[in-house]
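Visitor: coords please:
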Amino acid sequence: MLDDGTRRRVLTALLVGQRHSWDQGLTAAVLDGTGEAGALRALVDDAVARQLPDGRLAELDPACSVNGGVVGEYVDLVAHRTGDDALAAAAARQWDWLLRVAPRAADGTLFHLVGPREVWADTVFMVVPPLAAAGYPYAALAQLEGHRSRLRRPDGLWRARWDDAAGRPADAGAWGTGNGWVAAGLARTVGRLPAGVGAAVAGEVRALLDACLAHRRPDGTLGDVLDDDASRPDPAVAAMLSYAASTGAAEGWLPAAYGGAGRSLLGTAGACLDALGRVSGVPAAPRFDRPGHSPEAQALLLLADAAAVTPGPRRRPRSPRRG
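Guide: I've put the predicted structure just below:
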């Protein structure tokens, strides 16, 4: 696990970096987990100030369709805690975008971007746990099913992208971060679902972790492309899988041995920190096309560290009027 000084450096590097909408959501998760209520309130206020007229929160790139769902979870959470009607209304606009307005396939599966009719693995993290947390568990499960049916490969790994117009993969590669988004997203979802379906999703997390860890290299790293031994190591993947494994062990829906795997993966990711507290060698923001640094890697390392030493994600009250 990280020591206090290292955590501060990692957090500082996260907070000073320019961040996209999903990074704001990840940062909100870090702040909520560390009890930083004032900073969390400032963040969600800023997300609402940057809400697009159609409901997408904190969205500075209008090509992105689903990423505001991550910060929407925390706008909704702070609204619930404080009774702030304006925040509640902002969150409701985000849910309306995801549930009714955002571009989607004929079966309702959301497209990741506004233009191309593509289904991405990343979307699982962006919409499944937030919808479940907001009280829409069956909408969350429908998104999981739509993404799984297009993207999960016979070997248990997930493809990166599906071209819905062509009816075939747009990128069949088992990208490490794509699989990491799925594993981490589903780990955040298990405790937010009715018990029976939560157990089924827990089984999916375990199967995906096993499929990913089968490609862990002798030095403990995982590749940018999981099943390509020539691909460069990606520490962000280790952090994502660490978070999923540690969360499942802490919440009791994975065997305790996965907690050890989570700590080992955390060590792999933490070994890539530079003197400024930046996770180095991850796909570099903002284009993710070369090794470098990214706010998402900073936040994911902090979330993995917290999951390794404390219980998993906090459960939220869900409105009985939602489903």
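Visitor: Please report how far the nearest residue to residue 95 once chain neighbours are set aside lies from residue 98.
Guide: Among residues not flanking residue 95 along the chain, residue 134 sits closest, at 5.8 Å (C-beta to C-beta, 6 or more residues apart in numbering). Just so you know, the C-beta spots here come from the backbone N, C-alpha and C atoms, and that holds for glycine as well. Residue 134 sits 9 Å away from residue 98, going by C-beta to C-beta, to the nearest Å.
Visitor: what's the answer for residue 225, then?
Guide: 29 Å.
Visitor: neighbour count winner among these two?
Guide: Taking other C-beta atoms under 10 Å, residue 225 and residue 98 do not tie; residue 98 has more neighbours (25 against 20).
Visitor: Next up, phi/psi of that one, please.
Guide: Backbone geometry at residue 98, expressed as degrees, to the nearest 10, gives phi -70, psi -40.
Visitor: hang on, it packs against residue 123?
Guide: No: taking C-beta atoms under 8 Å as the definition, residue 98 is not a contact partner of residue 123, at 10.1 Å.
Visitor: Can you give me the distance of the residue nearest to residue 95 to residue 240?
Guide: Distance from residue 134 to residue 240, by C-beta to C-beta: 22 Å.
Visitor: for the residue nearest to the spatial centre of the chain, what are its contacts?
Guide: Central residue of the chain (C-alpha atoms, centre = their mean): residue 125, 3.8 Å from the mean position. Contacts for residue 125 (C-beta atoms under 8 Å, 6 or more residues apart in numbering) come out as 22, 70, 181, 182, 184, 185, 188.
Visitor: Report how many residues lie close to residue 178.
Guide: Counted by other C-beta under 10 Å, the residues lying close to residue 178 total 27.
Visitor: if I read this right, it contacts residue 122, doesn't it?
Guide: Yes: Residue 178 is in contact with residue 122 according to C-beta under 8 Å; the separation is 6.3 Å.
Visitor: Quick check: residue 162 is in a strand.
Guide: Yes: per DSSP: H, G, I helix; E, B strand; the rest coil, residue 162 lies within a strand segment.
Visitor: Residue 112 versus that one, what's the distance?
Guide: Using C-beta to C-beta, residue 162 is found at 10 Å from residue 112.
Visitor: And the residue nearest to the centre of the chain, its phi and psi?
Guide: Here residue 125 shows phi and psi, under degrees, to the nearest 10, equal to phi -70, psi -40.
Visitor: May I have the predicted confidence score for it?
Guide: Looking at residue 125, its pLDDT reads 98.
Visitor: Find the residue closest to it in space, skipping its chain neighbours.
Guide: Closest residue to residue 125 apart from its sequence neighbours, by C-beta to C-beta, 6+ apart: residue 185 at 3.3 Å.
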